[in-house]
Structure formats: C-alpha cells, structure tokens
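Q: Predicted model, plus sequence, below.
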Amino acid sequence: MKFTPVLLPIIIEAIADVIEKNSVEVTDLDQALGDGDHVINLQRGLDALMSERAELAQLDWVDAWHKIGMMLMVSVGGASGSLYGTLFIALSRAGRDKELALQIFADVLTQGVEAVKKRGRSDSGEKTLLDVFIPVVNYLRTASVDSTSLVDVLDNVSKVAIAGMESTRNMLATKGRASFLEERSLGHIDAGAKTAQLMICAIVDVLSSQLTSPT
Ligand code: ADP
Ligand code: MG
C-alpha cells in the first residue's frame, strides 16, 4: 500500500472541497441535533491545514499526523476538535516506526479510534462520528489485499462509511449536545457522522484515482 505524504495536499484539498459543497446540508443536520457550528468548526481546522499543506507533505507520515493533530486541537474547537485532534495524535503514536501496509494501517487506525472512544467516553451506537469510524476500522481489519484488489477494498470502505452514516438516523443520541433531545434525536443523521463519511469517501476517491491512473 502506497501512502506517500506527497498525496497529503491533494487529500486536504479534496476534504475542504467536499465539506464546502455539503456545508448547507451538514449545517442543517447540526442545527437539528446540535448548535449548528460543526461545519464552521471543521472549516477552521481545514483552513489551518490548507495553509500548511505544502510543509506537511515534506514530513514523515507520523510527524505529519502529529502536526495535524496539534493543529486540529487548537483550531477546530467544539467536541469534534478534541476528538479529531486525539485521533491524529494517537495515529502518530501508534504508527511510529511502522511500515504502512494495509494490515498495519488497520491496526494503527484501530488504536486511533480507541483513543477517540476514550476521549469521548463513547462507543458505537451512540449516534456520533464513531458510528462511521468503528465499522470502517472493523472492515479494514478483516480486509485482505490477497483476495481483494486495493481498489475494491477502498470501494468497500466508502460503502461501509456510507452505511455507518445512514445508521445514525435511527439511533438515539446519548453523547454530545444531541443527547439533550432524547427521543427527538431520532430520524436525523448525525452531523459528525455525515462529515466523517464525506471525509473518508474523499480520501478513498483520491487514493483510488491514484491507483487507477498514476500520474
Ligand atoms: P459541538 O458538539 O461541541 O458543537 P461539533 O458541532 O463540531 O461540536 O461536533 C459535533 C459532533 O461531534 C457530533 O455530531 C458527534 O458526531 C461528535 N461528538 C460529540 N460528542 C461526542 C462524543 N462524546 N463522542 C464521539 N463523538 C462525539
Ligand atoms: Mg456543534
């Protein structure tokens, strides 16, 4: 699996683009269940990453992850700021001195998601971004590039992320601001799950297009 830091600027641009394109829909979701600031929070982080993207691409992956985590911690704010900050800092710790092969990456990502669970005191089924990350990580741990091509694995990641996002619609929110709504949280997709899915699908698209038509 080729995960070169060279792709980081393209990935950051693709994520900023997809969040911008879906900003009205996501803001509506966060207004229904939260305080409506989720897109603005993420965009503060993405603006910071955009301005440093060339520098980030010069670093080793683990150093880039660490820097991204620190930048998100200070720039994003809200619940999502500390959760994404925690994710990247944990990825950086778990990934140190490891090769980025698929199974190793799945293991590193598992440790990152475990750190987010701890930080948020939350787990799957609570109508949060974890309902996207947990199934994606679980899928990656079982995925094998021996029996499935990497392009198919990536395609499955997108499908799992979309299913995870959709699954939040009929969940009762028990964490974050949405938990105050109790039963009224039913029927709405969680904004953080939606943006997690959009970001994962954007990363998949970048990686898939690199694999199918290398420049
Ligand atoms: P805030 O809720 O502080 O306004 P954001 O609007 O940026 O922060 O992010 C809200 C999203 O964060 C939610 O949609 C949910 O997915 C996620 N979230 C909130 N609290 C938790 C938690 N304890 N564990 C996991 N995810 C959470
Ligand atoms: Mg909010």
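A: Received it, and whenever you're ready, just let me know what you need. Ligands and ions are numbered 1, 2, ... in the order given.
Q: Can you get me a residue count around the closest residue to residue 114 other than its chain neighbours?
A: In this structure, residue 114 finds its nearest non-sequential neighbour in residue 90, 7.5 Å apart by C-beta to C-beta, 6 or more residues apart in numbering. Glycine gets a C-beta too; all of them are placed from N, C-alpha and C. When neighbours are defined as other C-beta atoms under 10 Å, residue 90 has 24 of them.
Q: how near is residue 90 to ligand 1?
A: Per C-beta to the nearest ligand atom, to the nearest Å, residue 90 is found 14 Å from ligand 1.
Q: likewise residue 166?
A: Noted for residue 166: a distance of 14 Å to ligand 1, by C-beta to the nearest ligand atom.
Q: number of nearby residues for residue 159?
A: 13.
Q: Okay, and it sits in which element?
A: helix 150-167 (DSSP states H and E).
Q: Give me the pLDDT for residue 85.
A: Looking at residue 85, its pLDDT is 98.
Q: you'd agree it is up against residue 69?
A: Yes. Using C-beta atoms under 8 Å, residue 85 is in contact with residue 69, at 5.0 Å.
Q: Where does pLDDT dip in the protein?
A: 1-4, 214-215 (pLDDT under 70).
Q: Apart from its chain neighbours, what residue comes closest to the residue of the chain found nearest ligand 2?
A: Closest to ligand 2 within the chain is residue 34: 3.9 Å, counting by C-beta to the ion. Closest residue to residue 34 apart from its sequence neighbours, by C-beta to C-beta, 6+ apart: residue 177 at 4.3 Å.
Q: Run a quick neighbour tally on the one you found.
A: As a burial measure, residue 177 scores 15 neighbours (other C-beta under 10 Å).
Q: repeat for residue 40
A: Residue 40 is flanked by 14 other residues according to other C-beta under 10 Å.
Q: For it, what are phi and psi?
A: The phi/psi pair for residue 40 (degrees, to the nearest 10) reads phi -60, psi -40.
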